[in-house]
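In: I'll drop the sequence and a predicted model, then ask my questions.
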Amino acid sequence: MHASANMAPSTDTMGKTITCKAAVAYEAGKPLQVIDVQVAPPQAGEVRIKITHTALCHTDKFTLSGEDPEGLFPCILGHEAAGIVESVGEGVTIVQPGDHVIPCYQAECRECKMCKSGKTNLCAKVRPATGNGVMLHDMKSRFSVDGKPIYHFMGTSTFSQYTVVHDVSCAKIDKDAPLDKVCLLGCGIPTGLGAVWNTAKVEKGATVAVFGLGTVGLACCEGAKKAGASRVIGIDIDINKFKRATEFGCTEFINPKDFDKPIQEVIAEKTDGGVDYSFECIGKTDTMRAALECCHKGWGTSVIIGVAGSGQEIRTRPFQLVTGRVWKGTAFGGFKSRTSVPDLVKLYMNKEIKVDEYVTHELPLSEINKAFDLLSSGNCLRCVIHMPN
Ligand SMILES: NC(=O)C1=CN([C@@H]2O[C@H](COP(=O)(O)OP(=O)(O)OC[C@H]3O[C@@H](n4cnc5c(N)ncnc54)[C@H](O)[C@@H]3O)[C@@H](O)[C@H]2O)C=CC1
Ligand SMILES: N[C@@H](CCC(=O)N[C@@H](CSC=O)C(=O)NCC(=O)O)C(=O)O
Ligand SMILES: [Zn+2]
Ligand SMILES: [Zn+2]
(Lines give C-alpha, C1' and ligand atoms only; values in the text may rest on other atoms or scores of the structure.)
(Ligands and ions follow the chains in the order given, each with its own letter.)
Protein backbone atom coordinates (compact mmCIF):
# COMPACT_ATOMS: atom_id res chain seq x y z
CA MET A 1 0.00 0.00 0.00
CA HIS A 2 1.37 3.39 -0.92
CA ALA A 3 1.33 5.55 2.21
CA SER A 4 0.85 8.71 0.18
CA ALA A 5 -2.23 7.21 -1.44
CA ASN A 6 -4.06 7.34 1.88
CA MET A 7 -3.10 10.91 2.63
CA ALA A 8 -6.13 12.97 3.61
CA PRO A 9 -7.04 15.45 0.85
CA SER A 10 -6.13 19.08 1.53
CA THR A 11 -8.95 21.17 2.96
CA ASP A 12 -8.16 24.29 0.91
CA THR A 13 -10.21 22.95 -2.03
CA MET A 14 -13.48 23.04 -0.09
CA GLY A 15 -16.14 24.97 -1.98
CA LYS A 16 -13.94 25.27 -5.04
CA THR A 17 -13.93 23.50 -8.40
CA ILE A 18 -11.08 20.98 -8.61
CA THR A 19 -9.24 20.25 -11.84
CA CYS A 20 -7.94 16.68 -11.77
CA LYS A 21 -7.21 13.63 -13.95
CA ALA A 22 -10.03 11.34 -15.03
CA ALA A 23 -10.54 8.63 -17.65
CA VAL A 24 -13.39 9.87 -19.84
CA ALA A 25 -15.44 7.56 -22.10
CA TYR A 26 -16.31 9.81 -25.03
CA GLU A 27 -17.83 7.12 -27.25
CA ALA A 28 -19.05 3.54 -26.94
CA GLY A 29 -16.41 1.02 -27.94
CA LYS A 30 -13.59 3.59 -27.96
CA PRO A 31 -10.61 3.80 -25.56
CA LEU A 32 -10.95 6.07 -22.55
CA GLN A 33 -9.14 9.41 -22.61
CA VAL A 34 -7.15 10.30 -19.47
CA ILE A 35 -7.48 14.07 -19.36
CA ASP A 36 -7.99 17.03 -17.02
CA VAL A 37 -11.61 17.40 -15.91
CA GLN A 38 -13.30 19.93 -13.67
CA VAL A 39 -15.14 18.57 -10.62
CA ALA A 40 -17.55 21.07 -9.06
CA PRO A 41 -18.06 21.30 -5.28
CA PRO A 42 -20.70 19.01 -3.73
CA GLN A 43 -24.21 20.48 -3.47
CA ALA A 44 -26.76 19.71 -0.74
CA GLY A 45 -26.83 15.99 0.08
CA GLU A 46 -23.60 15.33 -1.85
CA VAL A 47 -20.06 14.25 -1.03
CA ARG A 48 -16.84 14.88 -2.97
CA ILE A 49 -14.42 11.99 -2.60
CA LYS A 50 -10.71 11.74 -3.40
CA ILE A 51 -10.54 8.30 -5.01
CA THR A 52 -7.31 6.51 -4.06
CA HIS A 53 -7.98 3.14 -5.73
CA THR A 54 -10.55 1.82 -8.18
CA ALA A 55 -10.96 -1.55 -9.90
CA LEU A 56 -12.59 -2.46 -13.19
CA CYS A 57 -15.69 -4.66 -13.22
CA HIS A 58 -17.27 -6.31 -16.27
CA THR A 59 -20.19 -3.97 -15.93
CA ASP A 60 -17.88 -1.05 -16.77
CA LYS A 61 -16.94 -2.94 -19.93
CA PHE A 62 -20.63 -3.69 -20.58
CA THR A 63 -21.52 0.00 -20.52
CA LEU A 64 -18.44 1.02 -22.53
CA SER A 65 -19.52 -1.51 -25.19
CA GLY A 66 -22.69 0.49 -25.84
CA GLU A 67 -25.01 -2.38 -24.82
CA ASP A 68 -26.19 -0.65 -21.64
CA PRO A 69 -29.55 1.01 -22.27
CA GLU A 70 -28.65 3.50 -19.53
CA GLY A 71 -25.21 4.12 -20.98
CA LEU A 72 -24.67 7.84 -21.70
CA PHE A 73 -21.62 9.41 -23.35
CA PRO A 74 -19.40 11.21 -22.62
CA CYS A 75 -19.20 9.81 -19.10
CA ILE A 76 -16.76 8.80 -16.37
CA LEU A 77 -17.14 5.07 -15.65
CA GLY A 78 -16.02 3.14 -12.56
CA HIS A 79 -18.04 1.83 -9.62
CA GLU A 80 -15.73 -0.42 -7.55
CA ALA A 81 -13.48 1.87 -5.49
CA ALA A 82 -12.35 3.37 -2.20
CA GLY A 83 -11.27 6.85 -1.17
CA ILE A 84 -11.29 9.68 1.34
CA VAL A 85 -13.96 12.35 1.76
CA GLU A 86 -12.60 15.74 0.62
CA SER A 87 -15.70 17.85 1.33
CA VAL A 88 -19.44 17.57 1.90
CA GLY A 89 -22.41 19.65 0.77
CA GLU A 90 -25.10 21.33 2.87
CA GLY A 91 -26.95 19.07 5.30
CA VAL A 92 -24.61 16.08 4.99
CA THR A 93 -24.08 14.27 8.31
CA ILE A 94 -23.53 10.68 7.12
CA VAL A 95 -19.82 11.33 6.50
CA GLN A 96 -17.33 14.14 7.05
CA PRO A 97 -14.04 15.26 5.46
CA GLY A 98 -11.26 12.77 6.17
CA ASP A 99 -13.56 9.74 6.45
CA HIS A 100 -12.51 6.66 4.47
CA VAL A 101 -15.38 5.51 2.25
CA ILE A 102 -16.46 3.02 -0.39
CA PRO A 103 -18.85 4.56 -2.95
CA CYS A 104 -22.05 2.49 -3.33
CA TYR A 105 -23.86 2.36 -6.66
CA GLN A 106 -26.72 0.70 -4.79
CA ALA A 107 -27.62 3.55 -2.41
CA GLU A 108 -29.27 3.10 1.00
CA CYS A 109 -31.31 6.11 2.16
CA ARG A 110 -33.25 4.15 4.79
CA GLU A 111 -36.28 6.43 4.21
CA CYS A 112 -37.80 5.44 0.84
CA LYS A 113 -40.47 2.80 0.28
CA MET A 114 -37.87 0.32 -1.00
CA CYS A 115 -35.50 0.83 1.95
CA LYS A 116 -38.39 0.55 4.42
CA SER A 117 -39.98 -2.50 2.76
CA GLY A 118 -37.69 -5.03 4.42
CA LYS A 119 -37.97 -6.95 1.14
CA THR A 120 -35.12 -5.57 -0.96
CA ASN A 121 -31.72 -3.90 -0.82
CA LEU A 122 -32.69 -1.65 -3.70
CA CYS A 123 -33.13 2.04 -2.88
CA ALA A 124 -35.31 4.40 -4.92
CA LYS A 125 -34.12 7.78 -3.65
CA VAL A 126 -31.34 8.65 -6.10
CA ARG A 127 -31.81 5.97 -8.79
CA PRO A 128 -33.77 8.32 -11.16
CA ALA A 129 -30.73 10.64 -11.14
CA THR A 130 -27.99 8.01 -11.29
CA GLY A 131 -29.69 6.25 -14.19
CA ASN A 132 -29.53 9.55 -16.11
CA GLY A 133 -25.92 10.41 -15.29
CA VAL A 134 -26.74 13.39 -13.08
CA MET A 135 -27.10 14.40 -9.42
CA LEU A 136 -30.53 14.50 -7.75
CA HIS A 137 -30.19 18.04 -6.32
CA ASP A 138 -30.45 19.78 -9.70
CA MET A 139 -30.37 16.92 -12.22
CA LYS A 140 -27.04 18.24 -13.47
CA SER A 141 -23.52 16.80 -13.61
CA ARG A 142 -20.63 17.91 -11.37
CA PHE A 143 -18.11 16.93 -14.04
CA SER A 144 -17.15 19.07 -17.02
CA VAL A 145 -14.36 19.50 -19.56
CA ASP A 146 -13.87 23.03 -20.92
CA GLY A 147 -17.36 23.88 -19.70
CA LYS A 148 -19.02 20.90 -21.43
CA PRO A 149 -20.80 18.47 -19.04
CA ILE A 150 -19.58 14.88 -18.62
CA TYR A 151 -22.15 12.35 -17.35
CA HIS A 152 -21.85 10.50 -14.07
CA PHE A 153 -22.07 6.67 -14.12
CA MET A 154 -23.98 4.47 -11.62
CA GLY A 155 -23.79 7.42 -9.22
CA THR A 156 -20.12 6.62 -8.58
CA SER A 157 -17.80 7.54 -11.52
CA THR A 158 -14.66 6.32 -9.78
CA PHE A 159 -12.30 6.54 -12.78
CA SER A 160 -11.50 10.06 -11.59
CA GLN A 161 -9.12 11.45 -8.97
CA TYR A 162 -12.13 13.22 -7.48
CA THR A 163 -15.79 12.28 -7.82
CA VAL A 164 -19.08 13.54 -6.39
CA VAL A 165 -21.65 11.06 -5.06
CA HIS A 166 -24.90 11.25 -3.08
CA ASP A 167 -24.39 10.98 0.68
CA VAL A 168 -26.68 7.93 0.76
CA SER A 169 -24.18 6.26 -1.56
CA CYS A 170 -21.27 6.55 0.89
CA ALA A 171 -20.28 3.62 3.11
CA LYS A 172 -17.97 4.82 5.88
CA ILE A 173 -15.29 2.20 6.60
CA ASP A 174 -12.51 1.48 9.11
CA LYS A 175 -9.58 3.87 8.56
CA ASP A 176 -7.14 1.00 9.07
CA ALA A 177 -8.52 -0.91 6.06
CA PRO A 178 -6.09 -0.98 3.09
CA LEU A 179 -7.87 1.07 0.40
CA ASP A 180 -5.95 -0.67 -2.40
CA LYS A 181 -7.70 -3.92 -1.41
CA VAL A 182 -11.09 -3.01 0.08
CA CYS A 183 -11.93 -1.07 -3.09
CA LEU A 184 -12.98 -4.53 -4.36
CA LEU A 185 -15.77 -4.56 -1.74
CA GLY A 186 -17.57 -1.99 -3.88
CA CYS A 187 -19.07 -4.56 -6.26
CA GLY A 188 -17.98 -8.01 -7.42
CA ILE A 189 -17.04 -9.76 -4.19
CA PRO A 190 -20.11 -8.66 -2.17
CA THR A 191 -22.31 -9.54 -5.13
CA GLY A 192 -21.08 -13.13 -5.23
CA LEU A 193 -21.07 -13.63 -1.48
CA GLY A 194 -24.46 -11.98 -1.04
CA ALA A 195 -26.10 -13.89 -3.88
CA VAL A 196 -25.37 -17.06 -1.88
CA TRP A 197 -25.96 -15.74 1.64
CA ASN A 198 -28.82 -13.24 1.13
CA THR A 199 -30.60 -13.96 -2.14
CA ALA A 200 -30.50 -17.77 -2.22
CA LYS A 201 -29.83 -18.35 1.48
CA VAL A 202 -27.86 -21.52 0.75
CA GLU A 203 -28.05 -23.93 3.67
CA LYS A 204 -25.48 -26.41 5.04
CA GLY A 205 -25.26 -29.57 2.93
CA ALA A 206 -26.82 -28.01 -0.17
CA THR A 207 -25.55 -28.69 -3.70
CA VAL A 208 -24.55 -25.63 -5.73
CA ALA A 209 -23.65 -24.95 -9.36
CA VAL A 210 -21.77 -21.76 -10.30
CA PHE A 211 -21.78 -20.74 -13.97
CA GLY A 212 -18.78 -18.55 -14.77
CA LEU A 213 -15.65 -18.55 -12.61
CA GLY A 214 -14.65 -14.91 -12.77
CA THR A 215 -14.57 -12.64 -9.75
CA VAL A 216 -18.32 -12.87 -9.09
CA GLY A 217 -18.41 -16.63 -9.63
CA LEU A 218 -15.41 -17.22 -7.38
CA ALA A 219 -17.07 -15.12 -4.68
CA CYS A 220 -20.18 -17.33 -5.08
CA CYS A 221 -17.95 -20.38 -4.60
CA GLU A 222 -16.41 -18.89 -1.46
CA GLY A 223 -19.85 -17.94 -0.15
CA ALA A 224 -21.18 -21.44 -0.82
CA LYS A 225 -18.20 -23.05 0.91
CA LYS A 226 -18.72 -20.80 3.96
CA ALA A 227 -22.43 -21.69 3.93
CA GLY A 228 -21.46 -25.36 4.24
CA ALA A 229 -22.50 -26.52 0.77
CA SER A 230 -21.73 -30.20 0.23
CA ARG A 231 -20.85 -29.73 -3.46
CA VAL A 232 -19.80 -26.58 -5.36
CA ILE A 233 -19.75 -27.37 -9.06
CA GLY A 234 -17.91 -24.79 -11.18
CA ILE A 235 -18.92 -24.46 -14.82
CA ASP A 236 -16.69 -22.55 -17.22
CA ILE A 237 -15.55 -22.83 -20.84
CA ASP A 238 -12.02 -21.79 -19.85
CA ILE A 239 -10.23 -24.71 -18.22
CA ASN A 240 -7.60 -22.30 -16.92
CA LYS A 241 -10.20 -21.10 -14.41
CA PHE A 242 -10.57 -24.41 -12.63
CA LYS A 243 -7.34 -24.65 -10.61
CA ARG A 244 -7.80 -21.25 -8.96
CA ALA A 245 -11.50 -21.98 -8.34
CA THR A 246 -10.47 -24.88 -6.11
CA GLU A 247 -8.84 -22.35 -3.77
CA PHE A 248 -12.20 -20.53 -3.56
CA GLY A 249 -14.21 -23.63 -2.62
CA CYS A 250 -15.06 -25.35 -5.87
CA THR A 251 -15.25 -29.13 -5.37
CA GLU A 252 -15.63 -30.14 -9.04
CA PHE A 253 -15.67 -28.68 -12.50
CA ILE A 254 -17.55 -29.10 -15.74
CA ASN A 255 -16.53 -27.62 -19.06
CA PRO A 256 -19.58 -27.45 -21.37
CA LYS A 257 -17.21 -27.84 -24.32
CA ASP A 258 -16.53 -31.43 -23.22
CA PHE A 259 -20.12 -32.49 -23.84
CA ASP A 260 -22.37 -32.67 -26.88
CA LYS A 261 -25.58 -32.39 -24.90
CA PRO A 262 -27.08 -29.50 -22.93
CA ILE A 263 -25.01 -28.72 -19.83
CA GLN A 264 -28.15 -28.69 -17.66
CA GLU A 265 -28.70 -32.38 -18.53
CA VAL A 266 -25.07 -33.18 -17.66
CA ILE A 267 -25.41 -31.46 -14.27
CA ALA A 268 -28.77 -33.09 -13.49
CA GLU A 269 -27.29 -36.55 -14.22
CA LYS A 270 -24.34 -35.84 -11.91
CA THR A 271 -26.51 -34.57 -9.04
CA ASP A 272 -29.40 -37.06 -8.79
CA GLY A 273 -31.90 -34.84 -10.60
CA GLY A 274 -30.41 -31.38 -10.23
CA VAL A 275 -28.72 -28.99 -7.81
CA ASP A 276 -30.41 -27.16 -4.95
CA TYR A 277 -29.04 -23.77 -6.06
CA SER A 278 -27.34 -22.32 -9.12
CA PHE A 279 -25.79 -18.93 -9.87
CA GLU A 280 -25.31 -17.40 -13.32
CA CYS A 281 -22.24 -15.19 -13.23
CA ILE A 282 -21.67 -14.66 -16.94
CA GLY A 283 -24.37 -12.40 -18.42
CA LYS A 284 -25.59 -14.66 -21.24
CA THR A 285 -29.22 -15.66 -21.64
CA ASP A 286 -28.41 -19.22 -22.76
CA THR A 287 -26.40 -19.91 -19.62
CA MET A 288 -29.14 -18.28 -17.55
CA ARG A 289 -31.56 -20.85 -18.98
CA ALA A 290 -29.11 -23.66 -18.35
CA ALA A 291 -28.57 -22.48 -14.77
CA LEU A 292 -32.31 -22.63 -14.12
CA GLU A 293 -32.88 -25.97 -15.82
CA CYS A 294 -30.01 -27.68 -13.99
CA CYS A 295 -31.84 -27.06 -10.69
CA HIS A 296 -33.77 -29.80 -8.94
CA LYS A 297 -37.52 -30.17 -9.61
CA GLY A 298 -39.67 -29.08 -6.72
CA TRP A 299 -37.26 -26.69 -5.02
CA GLY A 300 -34.18 -25.81 -7.08
CA THR A 301 -33.46 -22.08 -7.06
CA SER A 302 -31.42 -20.22 -9.67
CA VAL A 303 -30.04 -16.71 -9.16
CA ILE A 304 -29.20 -14.50 -12.12
CA ILE A 305 -26.26 -12.20 -11.42
CA GLY A 306 -24.88 -11.66 -14.92
CA VAL A 307 -25.82 -8.49 -16.77
CA ALA A 308 -27.19 -8.91 -20.27
CA GLY A 309 -27.48 -6.19 -22.89
CA SER A 310 -30.58 -4.27 -23.91
CA GLY A 311 -33.05 -6.38 -25.87
CA GLN A 312 -31.76 -9.62 -24.40
CA GLU A 313 -34.56 -11.77 -22.90
CA ILE A 314 -34.54 -14.98 -20.90
CA ARG A 315 -36.62 -17.99 -21.98
CA THR A 316 -37.66 -21.28 -20.50
CA ARG A 317 -40.73 -23.50 -20.51
CA PRO A 318 -43.28 -22.35 -17.88
CA PHE A 319 -43.32 -26.01 -16.85
CA GLN A 320 -39.87 -25.48 -15.31
CA LEU A 321 -41.42 -23.08 -12.81
CA VAL A 322 -44.77 -24.85 -12.53
CA THR A 323 -42.83 -27.87 -11.26
CA GLY A 324 -41.26 -25.87 -8.48
CA ARG A 325 -38.04 -24.32 -9.72
CA VAL A 326 -37.49 -20.69 -8.63
CA TRP A 327 -35.82 -18.07 -10.86
CA LYS A 328 -34.44 -15.03 -8.98
CA GLY A 329 -31.95 -12.23 -9.54
CA THR A 330 -29.72 -10.11 -7.37
CA ALA A 331 -28.16 -6.64 -7.40
CA PHE A 332 -25.08 -6.19 -5.20
CA GLY A 333 -25.83 -9.57 -3.65
CA GLY A 334 -28.86 -8.27 -1.83
CA PHE A 335 -26.66 -6.33 0.59
CA LYS A 336 -27.93 -3.03 1.98
CA SER A 337 -24.84 -1.07 1.02
CA ARG A 338 -24.19 1.51 3.73
CA THR A 339 -25.05 -1.05 6.43
CA SER A 340 -23.20 -4.07 5.06
CA VAL A 341 -20.08 -2.76 3.32
CA PRO A 342 -18.43 -1.71 6.63
CA ASP A 343 -19.21 -5.19 7.99
CA LEU A 344 -17.68 -6.83 4.91
CA VAL A 345 -14.55 -4.73 5.42
CA LYS A 346 -14.35 -6.04 8.99
CA LEU A 347 -14.84 -9.65 7.78
CA TYR A 348 -11.89 -9.10 5.43
CA MET A 349 -9.74 -7.50 8.13
CA ASN A 350 -10.55 -10.48 10.38
CA LYS A 351 -9.43 -12.76 7.52
CA GLU A 352 -12.92 -14.32 7.27
CA ILE A 353 -13.35 -13.49 3.55
CA LYS A 354 -10.84 -13.20 0.73
CA VAL A 355 -10.04 -9.96 -1.08
CA ASP A 356 -6.29 -9.98 -1.84
CA GLU A 357 -6.66 -13.18 -3.86
CA TYR A 358 -8.88 -11.42 -6.39
CA VAL A 359 -6.24 -8.77 -7.21
CA THR A 360 -4.37 -10.15 -10.20
CA HIS A 361 -3.10 -6.88 -11.71
CA GLU A 362 -2.30 -3.31 -10.63
CA LEU A 363 -1.84 -0.34 -12.96
CA PRO A 364 -1.72 3.48 -12.85
CA LEU A 365 -4.67 5.50 -14.17
CA SER A 366 -2.67 6.36 -17.29
CA GLU A 367 -2.85 2.68 -18.30
CA ILE A 368 -6.58 2.13 -17.73
CA ASN A 369 -7.15 1.10 -21.34
CA LYS A 370 -4.64 -1.71 -20.80
CA ALA A 371 -6.69 -2.67 -17.75
CA PHE A 372 -9.79 -2.98 -19.95
CA ASP A 373 -7.84 -5.22 -22.32
CA LEU A 374 -6.83 -7.35 -19.33
CA LEU A 375 -10.52 -7.79 -18.41
CA SER A 376 -11.03 -9.50 -21.75
CA SER A 377 -7.84 -11.55 -21.54
CA GLY A 378 -9.26 -14.30 -19.31
CA ASN A 379 -6.44 -14.36 -16.77
CA CYS A 380 -7.50 -11.19 -14.96
CA LEU A 381 -9.86 -11.23 -12.02
CA ARG A 382 -9.50 -7.66 -10.80
CA CYS A 383 -7.02 -4.99 -11.87
CA VAL A 384 -6.65 -2.28 -9.23
CA ILE A 385 -5.97 1.20 -10.58
CA HIS A 386 -3.73 3.32 -8.32
CA MET A 387 -4.99 6.90 -8.75
CA PRO A 388 -2.46 9.74 -8.96
CA ASN A 389 -2.13 11.38 -5.55
N1 LIG B 1 -25.94 -8.19 -10.51
C2 LIG B 1 -24.94 -7.51 -10.01
O3 LIG B 1 -25.08 -6.78 -9.01
C4 LIG B 1 -23.59 -7.63 -10.62
C5 LIG B 1 -23.46 -8.21 -11.86
N6 LIG B 1 -22.21 -8.37 -12.42
C7 LIG B 1 -22.15 -9.09 -13.70
O8 LIG B 1 -21.76 -10.43 -13.40
C9 LIG B 1 -21.12 -11.01 -14.53
C10 LIG B 1 -19.81 -11.66 -14.11
O11 LIG B 1 -18.91 -10.67 -13.72
P12 LIG B 1 -17.34 -11.08 -13.63
O13 LIG B 1 -17.18 -12.26 -12.73
O14 LIG B 1 -16.57 -9.84 -13.32
O15 LIG B 1 -17.11 -11.52 -15.15
P16 LIG B 1 -15.91 -12.38 -15.78
O17 LIG B 1 -15.95 -12.10 -17.25
O18 LIG B 1 -14.66 -12.20 -15.03
O19 LIG B 1 -16.35 -13.90 -15.58
C20 LIG B 1 -17.18 -14.53 -16.51
C21 LIG B 1 -16.72 -15.99 -16.60
O22 LIG B 1 -17.67 -16.71 -17.40
C23 LIG B 1 -16.95 -17.58 -18.28
N24 LIG B 1 -17.83 -17.87 -19.42
C25 LIG B 1 -18.05 -17.09 -20.51
N26 LIG B 1 -18.94 -17.68 -21.32
C27 LIG B 1 -19.29 -18.87 -20.74
C28 LIG B 1 -20.16 -19.93 -21.09
N29 LIG B 1 -20.87 -19.91 -22.22
N30 LIG B 1 -20.27 -21.00 -20.24
C31 LIG B 1 -19.55 -21.02 -19.09
N32 LIG B 1 -18.70 -20.07 -18.72
C33 LIG B 1 -18.58 -18.99 -19.53
C34 LIG B 1 -15.67 -16.83 -18.61
O35 LIG B 1 -14.65 -17.75 -19.01
C36 LIG B 1 -15.36 -16.15 -17.26
O37 LIG B 1 -14.53 -16.97 -16.46
C38 LIG B 1 -20.99 -9.89 -15.56
O39 LIG B 1 -22.08 -9.97 -16.46
C40 LIG B 1 -21.13 -8.62 -14.71
O41 LIG B 1 -21.61 -7.53 -15.46
C42 LIG B 1 -21.05 -7.99 -11.79
C43 LIG B 1 -21.14 -7.39 -10.55
C44 LIG B 1 -22.42 -7.12 -9.90
N1 LIG C 1 -27.87 0.05 -16.56
C2 LIG C 1 -27.84 -1.40 -16.63
C3 LIG C 1 -28.00 -1.98 -15.23
C4 LIG C 1 -27.28 -3.31 -15.15
C5 LIG C 1 -27.41 -3.92 -13.78
O6 LIG C 1 -28.17 -4.84 -13.60
N7 LIG C 1 -26.66 -3.38 -12.81
C8 LIG C 1 -26.59 -4.00 -11.49
C9 LIG C 1 -25.20 -3.83 -10.93
S10 LIG C 1 -24.02 -4.51 -11.98
C11 LIG C 1 -22.58 -4.04 -11.24
O12 LIG C 1 -21.53 -4.44 -11.70
C13 LIG C 1 -27.59 -3.39 -10.54
O14 LIG C 1 -27.29 -3.09 -9.40
N15 LIG C 1 -28.81 -3.25 -11.00
C16 LIG C 1 -29.83 -2.66 -10.14
C17 LIG C 1 -29.98 -1.21 -10.48
O18 LIG C 1 -30.55 -0.47 -9.67
O19 LIG C 1 -29.49 -0.84 -11.58
C20 LIG C 1 -28.95 -1.91 -17.53
O21 LIG C 1 -29.95 -1.19 -17.69
O22 LIG C 1 -28.79 -3.04 -18.05
ZN1 LIG D 1 -19.64 -4.24 -10.89
ZN1 LIG E 1 -33.90 4.27 -0.05
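Out: It's in. For clarity, every value in this text was computed on a predicted model and none was experimentally measured. Ligands and ions are numbered 1, 2, ... in the order given.
In: Spell out which residues of the chain are next to ligand 2.
Out: 57, 59, 68-70, 106, 122, 127, 187, 307, 331-332 (C-beta under 6 Å from any ligand atom). C-betas here are computed from N, CA, C, even on glycine.
In: Let me see the contact set for the residue lying closest to residue 323 once chain neighbours are set aside.
Out: Distances taken as C-beta to C-beta, 6 or more residues apart in numbering place residue 297 nearest to residue 323, at 5.0 Å, with adjacent residues excluded. Contacts for residue 297 (C-beta atoms under 8 Å, 6 or more residues apart in numbering) come out as 273-274, 323-325.
In: possible to save the residues of the chain next to ligand 2 as TSV with neighbour count and pLDDT?
Out: Output for the residues of the chain next to ligand 2, formatted as TSV (neighbours: other C-beta atoms under 10 Å; pLDDT from 0 to 100):
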residue	neighbour count	pLDDT
57	25	97
59	22	97
68	18	96
69	10	95
70	12	95
106	26	98
122	17	98
127	18	98
187	30	98
307	16	97
331	17	98
332	24	98
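In: of these, list those near ligand 3.
Out: The residues of the residues of the chain next to ligand 2 that also fall near ligand 3, by C-beta under 5 Å from the ion, are 57, 59, 187.
In: how close does the residue of the stretch 251-389 of the chain found nearest ligand 2 get to ligand 4?
Out: Among all residues of the stretch 251-389 of the chain, residue 331 sits closest to ligand 2, at 3.3 Å; criterion: C-beta to the nearest ligand atom. For residue 331, the distance to ligand 4 equals 13 Å [C-beta to the ion, to the nearest Å].
In: if I read this right, that residue contacts residue 122, doesn't it?
Out: Yes: counting by C-beta atoms under 8 Å, residue 122 is a contact partner of residue 331 at 6.3 Å.
In: shared neighbours, these two?
Out: residue 106.
In: circling back: present the ones next to ligand 3 among the residues of the chain next to ligand 2 as CSV; the columns should include distance to residue 247 and secondary structure.
Out: Formatted as CSV, these follow (distance: C-beta to C-beta, whole Å; DSSP: H, G, I helix; E, B strand; the rest coil):
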residue, distance to residue 247, secondary structure
57, 21, coil
59, 25, helix
187, 21, coil
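In: wait, residue 375 sits on residue 62?
Out: No: counting by C-beta under 8 Å, residue 375 stays clear of residue 62, with 10.4 Å between them.
In: who's more crowded, these two?
Out: residue 375 (20 against 17; other C-beta atoms under 10 Å).
In: Look up the pLDDT of the more buried one for me, please.
Out: Looking at residue 375, its pLDDT reads 91.
In: pLDDT on stretch 210-228, on average?
Out: 98.
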